[in-house]
Each structure stands twice: as structure tokens, then as C-alpha cells.
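Novice: Okay, sequence plus prediction incoming.
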Amino acid sequence: MKNILVLSDSHGNLNNMILAVRKENPDMIIHLGDCMGDAQNLKLKFPGIPMEQVPGNCDCSQQLAERELLIEGKKILICHGHTYNVKAGYLNLAYAAQEREADAALFGHTHRVYYDKHNQVTYLNPGSIGAPGYGTPPSYGMLYIDGATDKIDVDVFYFE
């Protein structure tokens, strides 16, 4: 079983990310962009925790805008979401996830929490850990992957 902390849209708020890592003690961290520098600073604070990341629309990076990870035998599509225009809807992302035969698709960009399971794909947007807006508190997600039971679960947590 892997417990994975999923962060997005930190926008300079390293403190909230540190609090989430300390609270959850994850096996892995995934940062979904905006701002990649925050993720790099978090990695320096917790060098023993593996981290994966993708750039967001606010990041100046030559890295790929999306990646596929294989975790506990499950294919996980990670992206910021702007290249799929997720602010207008999730259909483009759903098509991409199905085309890649992903078991889960993780994205950010909207600063709004979203999680669902559709056509056997688990979707998670953890909201914004740094600058949520919309009257919502900062949030992060947890992705639980159990290769032994073939299950993927998600949870979302908010800061008070």
C-alpha cells in the first residue's frame, strides 16, 4: 500500500506543504505544478520522500506537461490540467486518461477540489495548497494505492 500526498497550486506557500507532509507522513509526494520551485524546496526539506512533479501554466519549465507513473501496478496520469482546459470541463482529460488506459488522473489548475470515479478511472484535483480563492481553505489530497487488493482510494483534507 502506498500513501501518496498530492499537492497542487502552491504559489509560494511552502509552509502549508510542510504541514501536510508532517501530518500525513507519506510514502511519496506528487506536485501538480504552480510553482515547481516550491516542490523543489519541499524536496530539500524531506529528501527521503520520493517526489514526482509536472509544471503548471505559471511555471517556466522545459519539462513535459504531463507524465505517466506506474505505482503498485497502477498507471497514474499526472498533469497540471491547463493543457486539457480543465477550467471549462473534464472531458478532454477523461479522453486522455482513457486513451492512455490510466487507472487514475491527477490534476490541478482550477484551485477547486474535485474527485470522482468514472469509467473505472479515479480522478483527483486536490485543490490549492497555497492560494485557493473561491472562499475555500487551502487543501491537499491523499491517494491510496493498494496493489495487493487492486484498489485506489482518495481523500481530501482542508486547513482550518
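Specialist: Sure, I can see it.
Novice: Run through the strands of the chain in chain order.
Specialist: Under the criterion DSSP state E, the chain contains strands at 2-7, 28-31, 51-53, 66-71, 74-79, 104-106, 113-118, 121-126, 139-146, 151-158.
Novice: Arrange these in a markdown table, one row each, with distance to residue 19 and mean pLDDT as further columns.
Specialist: (C-beta placed from N, C-alpha, C; glycine too.) Below are the strands of the chain laid out as a markdown table (distance: least, C-beta to C-beta, whole Å; pLDDT from 0 to 100):
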| stretch | distance to residue 19 | mean pLDDT |
| --- | --- | --- |
| strand 2-7 | 11 | 98 |
| strand 28-31 | 13 | 98 |
| strand 51-53 | 17 | 97 |
| strand 66-71 | 24 | 97 |
| strand 74-79 | 22 | 98 |
| strand 104-106 | 20 | 98 |
| strand 113-118 | 17 | 96 |
| strand 121-126 | 14 | 98 |
| strand 139-146 | 9 | 98 |
| strand 151-158 | 10 | 97 |
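Novice: most tightly surrounded among the ones you listed?
Specialist: Per-stretch averages of neighbours, counted by mean count of other C-beta atoms under 10 Å, single out strand 104-106 among these, with a mean of 26.
Novice: contact partners of stretch 46-61?
Specialist: Residues from elsewhere that reach stretch 46-61 (C-beta atoms under 8 Å, 6 or more residues apart in numbering): 8-9, 11, 21, 26-36, 39, 42-43, 63-67, 69, 78-80, 82, 108-109.
Novice: Show me what counts as buried in it.
Specialist: Counting neighbours by 16 or more other C-beta atoms under 10 Å, one finds that the buried residues in stretch 46-61 are 46, 51, 52, 53, 54, 55, 56, 59.
Novice: With that, I have no additional questions.
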